[in-house]
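Trainee: With the sequence up front, the predicted model follows.
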Amino acid sequence: MRIFSYHLATTSPATTLRAMCRPPTRHTSPGLHHAECMATMALGAPILSPERMQLRSLAVFASWESEAALEDFLSFSELGSTLYSGWHVRLRFLRRWGNVPEFDGLPEGDGKTDPALPVVAVTLARLKLPQALRFIRWGRPVEKLVRDHPATTMALAALRPLRTFSTFSVWRSQREMTDMVRGHGSSPDAAHHAGAMAERERKDFHHGFATYRFRAISEHGQWDGRSRMVPEGS
């Protein structure tokens, strides 16, 4: 069964840069469909801040033909060993909106969703560089909304210069996540996400953009001194 994984690990800047420049491929890692290697980024951080691109923290979003292929990568490759020392979550696909060619072949949904259950959300975008200032202006308030939302148990972003941006968040329930996306809620900032999506529809920020929802299969390790960040019931 095809699975996905999201990894976070403390590394050296050299390791993070090497992973971003020479990521694992299906030729070097049997059973890998595709991997995105990025530096982590604090959601809502000031634009001119070291928190905006943390080269000592590596984030990897990957698709695998099976859980056994992921196990082999973690056990027998140098990068896999580094990632195994950190935190990762293994994921079953639920739904896709939009498209990024490297993760093609996914249906819009697998038809098995329960809005009351926890959900893991990943966005992946390839930025149009001339739209960078618009993207930051509309995106940063959304970053703060997700970061501070009471229904998230974990939320961060990641990037790979110059065009790739990603967000990763874990939600107590799918319903609470979709309410945030649609602008529901009593917070004065509740409309930021819906407003940014409308602006993206008016004039796209990206060459490619997709949001993915997943159900967690299992969670491993620690990140930033924390573990068990995916709520029970996934």
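Mentor: Arrived safely, thanks for sending.
Trainee: what sits against A155?
Mentor: Residues in contact with A155 (CB atoms under 8 Å, 6 or more residues apart in numbering) are 43, 146-147, 149, 167-170. Placement of C-beta: from N, CA and C, glycine included.
Trainee: What residues are bridge-paired with it?
Mentor: S169 (DSSP bridges).
Trainee: State the pLDDT value of it.
Mentor: For A155, the pLDDT comes out at 95.
Trainee: swap in G111?
Mentor: pLDDT, read off for G111, is 68.
Trainee: before we move on, what about S227?
Mentor: pLDDT, read off for S227, is 89.
Trainee: From W87, how far out is it?
Mentor: S227 sits 7 Å away from W87, going by CB to CB, to the nearest Å.
Trainee: Looks to me like W97 is in a helix.
Mentor: No - assigned with DSSP: H, G, I helix; E, B strand; the rest coil, W97 falls outside any helix and is strand.
Trainee: Once you drop chain neighbours, what's closest to it?
Mentor: T211 (4.9 Å; CB to CB, 6 or more residues apart in numbering).
Trainee: about what we covered before: can you list the contacts of A155 in JSON lines and add neighbour count and pLDDT?
Mentor: What follows is the contacts of A155, written out as JSON lines (neighbours: other CB atoms under 10 Å; pLDDT from 0 to 100):
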{"residue": "L43", "neighbour count": "21", "pLDDT": "88"}
{"residue": "V146", "neighbour count": "25", "pLDDT": "88"}
{"residue": "R147", "neighbour count": "17", "pLDDT": "89"}
{"residue": "H149", "neighbour count": "21", "pLDDT": "91"}
{"residue": "T167", "neighbour count": "22", "pLDDT": "95"}
{"residue": "F168", "neighbour count": "23", "pLDDT": "96"}
{"residue": "S169", "neighbour count": "22", "pLDDT": "96"}
{"residue": "V170", "neighbour count": "24", "pLDDT": "96"}
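Trainee: Please convert the residues you listed to JSON lines, extending it with distance to I136.
Mentor: Formatted as JSON lines, the contacts of A155 follow (distance: CB to CB, whole Å):
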{"residue": "L43", "distance to I136": "13"}
{"residue": "V146", "distance to I136": "15"}
{"residue": "R147", "distance to I136": "15"}
{"residue": "H149", "distance to I136": "20"}
{"residue": "T167", "distance to I136": "14"}
{"residue": "F168", "distance to I136": "19"}
{"residue": "S169", "distance to I136": "19"}
{"residue": "V170", "distance to I136": "24"}
